[in-house]
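Student: Here you go, sequence then predicted model.
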Amino acid sequence: MSSIREAIQAVEDGSAEEYEVPEWDVVVEIRSMTARSRAHFVAEMASEDGTVGGVNDPDRIVGMWWHVISQTCFDPDSGEPAFSEGDDEWLFEKNARVVNDLANACMEASGLTEEAAGEAGKDFSGSLTAVDDEIPSDASTSG
């Protein structure tokens, strides 16, 4: 009989799903981030006071998108990463909506959406959704 430590270590608990990008005529495999990669992502996005959210610096937003996309997108045929170091230079010259949708799908696969973070008791307002696209909740409107 193995210990609980060995049982946990032996489990493959990552998720993977195919994601179609019709504008690019490709399908990528989006895998969930590892806990280590997610921790690095959150640390990179945290303000000096330790809170996450309110990202207003375009370079930080590009860095956030690049981190999540590069860590989660894979070629479904080969299993290799879909992007290599330096690919961010040309990727961010592509259609903003397409890149944003891909980044959001990658974040969702790793529990990095605002809803998932809220469930974990964290304030993550670094959603990639444009402010104009957000629908105010009852709690955010005065009446």
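Tutor: Nice, I can see it. Here the structure is a predicted model, which is why all the values come from computation and not from measurement. Numbers count the residues shown, from 1 in each chain.
Student: Provide the secondary structure category for residue 13.
Tutor: coil (DSSP: H, G, I helix; E, B strand; the rest coil).
Student: How about the contacts made by it?
Tutor: Contacts for residue 13 (C-beta atoms under 8 Å, 6 or more residues apart in numbering) come out as none. Backbone N, C-alpha and C define where each C-beta goes, glycine included.
Student: Let me see the ranges of the strands in this structure.
Tutor: Taking DSSP state E as the criterion, the chain carries its strands at 16-21, 26-31, 73-74.
Student: can you put those in CSV and add distance to residue 58, mean neighbour count and mean pLDDT?
Tutor: As requested, those are exported to CSV (distance: least, C-beta to C-beta, whole Å; neighbours: other C-beta atoms under 10 Å; pLDDT from 0 to 100):
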stretch, distance to residue 58, mean neighbour count, mean pLDDT
strand 16-21, 23, 13, 96
strand 26-31, 24, 18, 97
strand 73-74, 22, 20, 98
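Student: With residue 94 as the reference, name the closest of the ones you listed.
Tutor: Minimum separation from residue 94 across the strands of the chain (C-beta to C-beta) falls at strand 16-21, 9.8 Å.
Student: Tell me, how many residues neighbour residue 95?
Tutor: 10 (other C-beta atoms under 10 Å).
Student: returning to that earlier point: which one of the strands of the chain lies nearest to residue 95?
Tutor: It's strand 16-21; of these, that one is closest to residue 95 (C-beta to C-beta) at 10.0 Å.
Student: The closest one pairs with which strands, and in what direction?
Tutor: Strand 16-21 has its sheet partners listed here by DSSP bridges as strand 26-31 (antiparallel).
Student: How much space separates residue 46 from residue 40?
Tutor: Applying C-beta to C-beta, to the nearest Å, the value for residue 46 to residue 40 is 11 Å.
Student: nearest to residue 113, of the strands of the chain?
Tutor: Using C-beta to C-beta, the strands of the chain put strand 26-31 closest to residue 113, at 13.2 Å.
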